[in-house]
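Participant: 3D model of this:
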Amino acid sequence: MIHEIQLRVSPAVAADEALIKTMISQEKGLDEKDICALRILKRSIDARQRSVFVNLKVQVFENEQPTEQVYAPLTYPDVSNGKSVVVVGAGPGGLFAALRLIELGYRPILVERGKNVHDRKKDLALISRDQKIDPESNYSFGEGGAGAYSDGKLYTRSKKRGSVDKVLTVFCQHGANTDIFVDAHPHLGTDQLPRIIENIRKTILSCGGEVRFETCMERFEIKADTVIGIHTRAGEFIEGPVILATGHSARDVYRYLDTNKIAIEAKSIAVGVRLEHPQALIDQLQYHTTEDRGPFLPAAEYRYVTQVKERGVYSFCMCPGGFVVPAATGDRQLVVNGMSPANRGSKWANSGMVVETHLEDIPSFADRGALAMMAFQEQMEELAWINGGMRQVAPAQRMGDFVRGRNSVELEPTSYAPGLLATPLHALLPVSVSSRLRAGFQRFGEFSRGFLTNEATVIGVETRTSSPVRILRDRETLCHVQLKGLYPCGEGAGYAGGIVSAAIDGMRCAESLVEIM
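Facilitator: This is a model prediction of the structure:
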């Protein structure tokens, strides 16, 4: 017989299957000898009270063994002779679009401007070591996209758009730990993602698809209001309808679309800073202890949100046990982001702290039309670059000093490898952003005493939380509103925010394209 049981246990019990089995036996009256196996279905941490508990949903196998796998592997056929579809961009949107095309019998030609996921590592190291940015190979461009070297969060609220479980299945089938089906806030980690992404590429190639690295799309080939292929920067023509999944930092693509009057519009974004605390402090605040979190609890996370002057102020992409990284994609830019390894084992915690920004908040950019928000991003990034000494050294300020509007004489140690330069960020950021952040930090400090501290460092700037542009598409068909054969996809098109939602959108675009072909 199979039972499903809800348990509320201590972290020590949650980490020990034998103790879980004993508790089930005691609470449910089952003979421990009859419990042949346990399967954890869901796991979440409840740290709302002084005592921290773990909530478990457990499948108990009484006098029988599990017969089903945690997930059912997907089947990918040989599509060597299938119709070709061009997929531009090998981030999660593009990769999952390519896999879904294969499932449907179509042959993806995946075009990626950057390098493969392993060769990217050398260029990322150069950013920190020599402060040199390769505009085609960095934290945003290359196989896996911006998500490849990130925390690898797999939590999304866009569950109505498609199957989250299918996304998790693809990841597990390509090497991810099946715990991602169990944890309330699953993540993969920056050290695990490259291997998984490489395995996805191998699947695409083994089925007859193509993957072309260091191949940058320059323009579409358009006939009678239909996109029939792309031209690359090297002069090659690749034929087929196009799924455009170029990510939120492909500014040359946005400029090309705007110049050629291919319908796009500016969209609201959120901008601000990266906030870095000692992880031990966050553990103490979130787990209500003055001690070390112990061996059974993970590095603590937080999520804060408030409203200041009719705009949201909130934490974004919180990375426990992580690192702050330089995420610029070109010259005269300084952008920061966060990432974590799978074990979330560093001594720092960081999070984006951002302010919702609408077009009416940036009237001086109104003449930029659809590229207004992008121009605003670029100005913030250039100012940060200048104030960081025209290198990748980031302008920074102690958190308490930022709120009080005073300069920081010295800064705390940091995970940000290129280094920090003490700078009055409270004056450097736009007033509409700075004033709201300062008020937001004060409120967060009231929610959690000790969060607002000079032990934390505000690092600038965080501008790439989402695409500054939306590429307009039909709500039903997902095809571009003007051009047949063009399917704007994922985060770069303005229709996703994170790995899972971008993956889901990639699959939906593939399905819509095939339905019309």
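Participant: Now do the strands in the stretch 51-200 of the chain.
Facilitator: 53-62, 84-88, 107-111 (DSSP state E, counting those that start in this stretch).
Participant: which residues does Phe402 contact?
Facilitator: 425-426, 437-438, 441, 458 (CB atoms under 8 Å, 6 or more residues apart in numbering). Glycine gets a C-beta too; all of them are placed from N, C-alpha and C.
Participant: redo that, cut-off 10 Å
Facilitator: Residues near Phe402 by CB atoms under 10 Å, 6 or more residues apart in numbering: 273, 275, 396, 408, 424-427, 429, 434, 437-438, 441, 452, 454, 456-458, 460.
Participant: Relative to Ala299, how far out is His480?
Facilitator: Distance of His480 to Ala299, computed by CB to CB, to the nearest Å: 42 Å.
Participant: For Arg219, give me its contacts.
Facilitator: Counting by CB under 10 Å, 6+ apart, Arg219 touches 230-233, 253, 256-257, 259-260.
Participant: swap in Gly338?
Facilitator: If you count contacts by CB under 10 Å, 6+ apart, then Gly338 has 150-151, 190, 274-276, 316-320, 322-325, 327, 348-352, 415-416, 459, 462 around it.
Participant: and what of Glu265?
Facilitator: Glu265 touches 359, 369-370, 372-373, 469-472, 494, counting by CB under 10 Å, 6+ apart.
Participant: quick one: which of those residues sit in helices?
Facilitator: 372-373 (DSSP state H).
Participant: filter the contacts of Glu265 to the buried ones?
Facilitator: 370, 372-373, 469-472, 494 (16 or more other CB atoms under 10 Å).
Participant: Narrow those residues to those in strands?
Facilitator: Taking DSSP state E, the ones among the buried ones among the contacts of Glu265 that sit in strands are 469-471.
Participant: with the residues you listed in mind, which one is nearest to Leu30?
Facilitator: Arg470 (54.6 Å; CB to CB).
Participant: Report the beta-bridge partners for that closest one.
Facilitator: Beta bridges link Arg470 to Glu265, judged by DSSP bridges.
Participant: Three-state assignment for Leu281, please.
Facilitator: helix (DSSP: H, G, I helix; E, B strand; the rest coil).
Participant: and the residue lying closest to it once chain neighbours are set aside, what is it in contact with?
Facilitator: In space, and not counting its chain neighbours, Leu281 is closest to Glu455: 6.2 Å by CB to CB, 6 or more residues apart in numbering. The contact partners of Glu455, taken as CB under 10 Å, 6+ apart, are 276-278, 280-281, 398-400, 412.
Participant: Including distance to Val164 and neighbour count, could the residues you listed go into JSON lines?
Facilitator: Formatted as JSON lines, the contacts of Glu455 follow (distance: CB to CB, whole Å; neighbours: other CB atoms under 10 Å):
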{"residue": "Glu276", "distance to Val164": "30", "neighbour count": "29"}
{"residue": "His277", "distance to Val164": "30", "neighbour count": "23"}
{"residue": "Pro278", "distance to Val164": "33", "neighbour count": "16"}
{"residue": "Ala280", "distance to Val164": "33", "neighbour count": "17"}
{"residue": "Leu281", "distance to Val164": "32", "neighbour count": "17"}
{"residue": "Arg398", "distance to Val164": "39", "neighbour count": "23"}
{"residue": "Met399", "distance to Val164": "35", "neighbour count": "26"}
{"residue": "Gly400", "distance to Val164": "40", "neighbour count": "17"}
{"residue": "Glu412", "distance to Val164": "38", "neighbour count": "18"}
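Participant: quick one: Gln307 from Leu428, how far?
Facilitator: Separation of Gln307 from Leu428 (CB to CB): 24 Å.
Participant: again, but for Val500
Facilitator: 34 Å.
Participant: out of those two, which sits in the more crowded spot?
Facilitator: For Val500 versus Leu428, the count of surrounding residues by other CB atoms under 10 Å is larger for Val500: 26 against 18.
Participant: what helix or strand does that one sit in?
Facilitator: Assessed by DSSP states H and E, Val500 sits inside helix 499-516.
Participant: Could you list every helix and strand that that helix packs against?
Facilitator: With contacts taken as 3 or more CB pairs under 10 Å, 6 or more residues apart in numbering; DSSP states H and E, helix 499-516 sits against strand 84-88, helix 92-103, helix 164-173, strand 242-244, strand 486-488.
Participant: How about Ser467, nearest residue that isn't a chain neighbour?
Facilitator: Nearest residue to Ser467, sequence neighbours excluded (CB to CB, 6+ apart): His248, at 4.1 Å.
Participant: What about Lys484? Give its phi and psi, please.
Facilitator: phi -70, psi 150 (degrees, to the nearest 10).
Participant: Could you pull up the residues touching it?
Facilitator: For Lys484, the contact set (CB under 10 Å, 6+ apart) comprises 222-228, 241, 477, 516.
Participant: Tally up the residues packed near Asp165, please.
Facilitator: 12.
Participant: my guess is Ser501 meets Gly494, correct?
Facilitator: No. Counting by CB atoms under 10 Å, Ser501 does not reach Gly494; the two are 11.6 Å apart.
Participant: Filter the contacts of Phe402 down to the ones in helices?
Facilitator: 425-427, 434, 437-438, 441.
Participant: Among those residues, name the buried ones.
Facilitator: Buried among these (16+ other CB under 10 Å): 425-426, 434, 437-438, 441.
Participant: mind checking pLDDT for Lys160?
Facilitator: We note a pLDDT of 55 for Lys160 in this prediction.
Participant: hang on, the earlier thing: possible to save the helices and strands packed on helix 499-516 as a markdown table with distance to Tyr71 and mean pLDDT?
Facilitator: Formatted as a markdown table, those follow (distance: least, CB to CB, whole Å; pLDDT from 0 to 100):
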| stretch | distance to Tyr71 | mean pLDDT |
| --- | --- | --- |
| strand 84-88 | 25 | 98 |
| helix 92-103 | 15 | 98 |
| helix 164-173 | 5 | 95 |
| strand 242-244 | 25 | 98 |
| strand 486-488 | 28 | 98 |
